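*Asks:* Provided below for reference: sequence and predicted model.
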Amino acid sequence: MNPNLLSKLEILAESAKYDVSCASSGVTRAKTAGGIGNTAGWGICHSFTEDGRCVSLLKIMLTNYCIYDCAYCVNRRSNDVRRAAFSVEELVDLTLGFYRRNYIEGLFLSSGVINNPDYTMERLVGVARELRTTHRFNGYIHLKSIPGASEALVHEAGLYADRLSVNIEIATEKNLKLLAPEKNHESVFKPMEFIQQGMLENAELRKNAPKLRKFAPAGQSTQMIIGATDETDNQILHTTDRVGRYKAESGKQTLAAINPEVAVQALTQRLMDEALDAQVAAADIVLDCTDNFATRHAINRACVRHRKPLVSGAAIRFDGQVGVFDLRRDDAPCYHCLFPDGEDVDEVNCATMGVFAPLVGIVGSTQAAEAIKLVAGIGTSLSGRLLMLDALAMKWHEVRVGRDAGCPVCGGRPAHPPAS
């Protein structure tokens with residue numbers, strides 16, 4: 001390989017490693033005498049295609065020159081790092097060369113911003129266009145859209161790329177200005193909206209023309225910097241411009257911007273009695289993330305009536321717990337078997353007692369994992385077990401939970417679920 005090209009590859013692959021939309025090894029390990037193989041912390045990464053396959057990608061930047069001076073970015077204008085830039089032709093040739101040698105199955109391409117967003121975006125699109133149209137490259141392509149890029153360029157990118165992504169960067173406009181004074185949220189969210197609109201419009205067009213090229217078939221992704229500023233978890237999901245709106249609607253908007261193909265129904269009324277019963281009856285799995293016993297027991301009773309699996313999670317101060325009550329099984333306990341309703345317990349919630357913020361993420365992720373396992377019918381669920389986490393010591397404890405034959409809620413449930 002040309003020494004100049006090799007130098008660019010080393011610089012720009014190293015600069016690209018901070019994009020976390022796919023996973024690279026993160027370490028460099030040389031081959032040893034008598035050993036097998038080696039690994040590099042830059043250059044080749046992995047991602048997942050529309051159909052779930054894991055593919056190896058050339059993870060590279062078009063350039064790490066940048067007009068912006070974002071405090072959180074290693075490639076910021078004021079940082080003293082080695083700089084380089086590929087031409088469109090160099091990057092196309094490099095991708096094809098690696099592909100033909102079976103080193104990679106696709107390309108992950110990002111870039112610093114040179115001249116202006118559209119100037120840079122045109123070159124990113126140019127790489128994908130050249131690969132797809134001139135060379136008929138059918139490998140995987142992931143493009144990082146440039147904040148502030150025009151709708152026309154984002155739309156063209158979606159016709160060539162399998163996945164598009166835009167970095168939200170910082171959750172609030174105030175703190176984005178603090179760390180990246182030349183950026184604003186509009187420049188970030190506009191491309192995300194363009195991608196969302198493109199995916200929805202393309203899905204409608206393909207109903208009548210199924211052979212039409214798919215728009216970003218693997219969807220879009222994003223990343224956000226957490227911990228550099230003082231945003232709360234609430235602000236991360238709900239940006240400050242949505243103050244006064246229902247959280248359910250705001251959360252739906254955030255999730256739809258990231259992946260418009262996920263259907264989210266936002267319910268803004270309190271679910272009680274018949275309304276709660278109807279929602280549980282229509283569900284495959286119920287995840288309880290509430291913070292009071294009255295609501296938990298109401299949800300449990302509805303799940304028992306309709307034999308729906310219940311994934312329950314709770315967090316207070318530094319203590320968390322997760323349990324699965326798979327009420328499709330005749331031997332499974334319900335929530336009441338473990339925490340009887342009406343007992344003299346002190347009602348506490350995180351609003352009054354506080355909660356260790358990372359704990360909520362751990363409990364929620366565990367609930368999500370259990371729900372996915374139940375939906376997919378894989379692995380062994382937590383049914384009949386309660387996991388308890390002491391976050392101060394970071395220790396998990398497990399308690400076996402059996403069904404209470406005398407439970408007033410589930411003791412007399414039928415042997416089979418009611419007909420739907």
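*Replies:* Received, thanks.
*Asks:* Quick check: which element contains the residue nearest to L271 when sequence neighbours are not counted?
*Replies:* Distances taken as CB to CB, 6 or more residues apart in numbering put Q279 closest to L271, at 5.9 Å, once the chain neighbours are dropped. (Each C-beta comes from the backbone N, C-alpha and C, glycine too.) Per DSSP states H and E: Q279 is located in helix 273-282.
*Asks:* Now do that helix: everything it contacts.
*Replies:* L267, Q269, L271, V286, A298, I299, A302, C303, R305, H306, K308, S420 (CB atoms under 8 Å, 6 or more residues apart in numbering).
*Asks:* ok, now with 7 Å
*Replies:* L271, V286, A298, A302, C303, R305, H306, K308 (CB atoms under 7 Å, 6 or more residues apart in numbering).
*Asks:* Stretch 120-131 now?
*Replies:* With CB under 7 Å, 6+ apart as the test, stretch 120-131 has contacts from 62, 88, 91-92, 95, 109, 111, 113-114, 137, 141, 143, 145-146, 149, 153, 156-157, 160-161.
*Asks:* any chance of the contacts of helix 273-282 in JSON lines, with distance to G354, neighbour count and secondary structure too?
*Replies:* Output for the contacts of helix 273-282, formatted as JSON lines (distance: CB to CB, whole Å; neighbours: other CB atoms under 10 Å; DSSP: H, G, I helix; E, B strand; the rest coil):
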{"residue": "L271", "distance to G354": "26", "neighbour count": "16", "secondary structure": "coil"}
{"residue": "V286", "distance to G354": "27", "neighbour count": "20", "secondary structure": "strand"}
{"residue": "A298", "distance to G354": "25", "neighbour count": "20", "secondary structure": "helix"}
{"residue": "A302", "distance to G354": "30", "neighbour count": "21", "secondary structure": "helix"}
{"residue": "C303", "distance to G354": "29", "neighbour count": "27", "secondary structure": "helix"}
{"residue": "R305", "distance to G354": "35", "neighbour count": "18", "secondary structure": "helix"}
{"residue": "H306", "distance to G354": "35", "neighbour count": "18", "secondary structure": "helix"}
{"residue": "K308", "distance to G354": "32", "neighbour count": "21", "secondary structure": "coil"}
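*Asks:* For those residues, give me TSV that also has distance to E169.
*Replies:* Putting the contacts of helix 273-282 into TSV (distance: CB to CB, whole Å) gives the following:
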residue	distance to E169
L271	35
V286	35
A298	40
A302	41
C303	40
R305	46
H306	43
K308	39
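*Asks:* between the residues you listed, which is nearest F339?
*Replies:* Lowest distance from F339 to these (CB to CB) belongs to A298, with 13.1 Å.
*Asks:* in the stretch 101-250 of the chain, what spans have low per-residue confidence?
*Replies:* By pLDDT under 70, the low-scoring segments of the stretch 101-250 of the chain are 232-244.
*Asks:* quick one: the helices in it?
*Replies:* 117-129, 151-160, 173-179, 185-208, 233-237, 247-258 (DSSP state H, counting those that start in this stretch).
*Asks:* Which one, of these, ends up nearest to V166?
*Replies:* Closest among the helices of the stretch 101-250 of the chain, using CB to CB: helix 185-208, at 4.8 Å.
*Asks:* ok so, going back, tell me which of the contacts of helix 273-282 has the lowest pLDDT.
*Replies:* Of all the contacts of helix 273-282, L271 carries the smallest pLDDT score, 89.
*Asks:* what helix or strand is K59 on?
*Replies:* If you go by DSSP H and E, K59 is part of strand 54-61.
*Asks:* Tell me the helix or strand right after that strand.
*Replies:* Sequence order places helix 88-100 as the next helix or strand after strand 54-61, per DSSP H and E.
*Asks:* so what's G323 up against?
*Replies:* Counting by CB under 7 Å, 6+ apart, G323 has contacts S312, L338, L382, L386.
*Asks:* one more time with 10 Å, if that's ok
*Replies:* 288, 310-314, 333, 335, 338-339, 367, 370, 382-388, 399, 401 (CB atoms under 10 Å, 6 or more residues apart in numbering).
*Asks:* if we can go back for a sec, would you turn the helices of the stretch 101-250 of the chain into TSV with mean neighbour count and distance to D69?
*Replies:* Below are the helices of the stretch 101-250 of the chain laid out as TSV (neighbours: other CB atoms under 10 Å; distance: least, CB to CB, whole Å):
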stretch	mean neighbour count	distance to D69
helix 117-129	21	15
helix 151-160	20	24
helix 173-179	16	10
helix 185-208	17	15
helix 233-237	14	24
helix 247-258	16	27
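*Asks:* could those go into TSV alongside distance to K214?
*Replies:* Listed next are these as TSV, based on distance: least, CB to CB, whole Å:
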stretch	distance to K214
helix 117-129	14
helix 151-160	9
helix 173-179	32
helix 185-208	6
helix 233-237	29
helix 247-258	18
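*Asks:* which one of those lies closest to G377?
*Replies:* That would be, of those and by CB to CB, helix 247-258, which comes in at 25.1 Å.
*Asks:* quick one on the thing from earlier: so which of the helices of the stretch 101-250 of the chain comes closest to V74?
*Replies:* Of all those, helix 173-179 sits nearest to V74, with 13.5 Å by CB to CB.
*Asks:* Can you list the helices and strands that the closest one packs against?
*Replies:* Contacts defined by 3 or more CB pairs under 10 Å, 6 or more residues apart in numbering; DSSP states H and E place helix 173-179 against helix 185-208.
*Asks:* So what's the residue count around R403?
*Replies:* Residues within reach of R403, counting by other CB atoms under 10 Å, total 19.
*Asks:* just R385 next, same as before
*Replies:* Using other CB under 10 Å, R385 has 15 neighbouring residues.
*Asks:* what's across from it in the sheet?
*Replies:* R400 (DSSP bridges).
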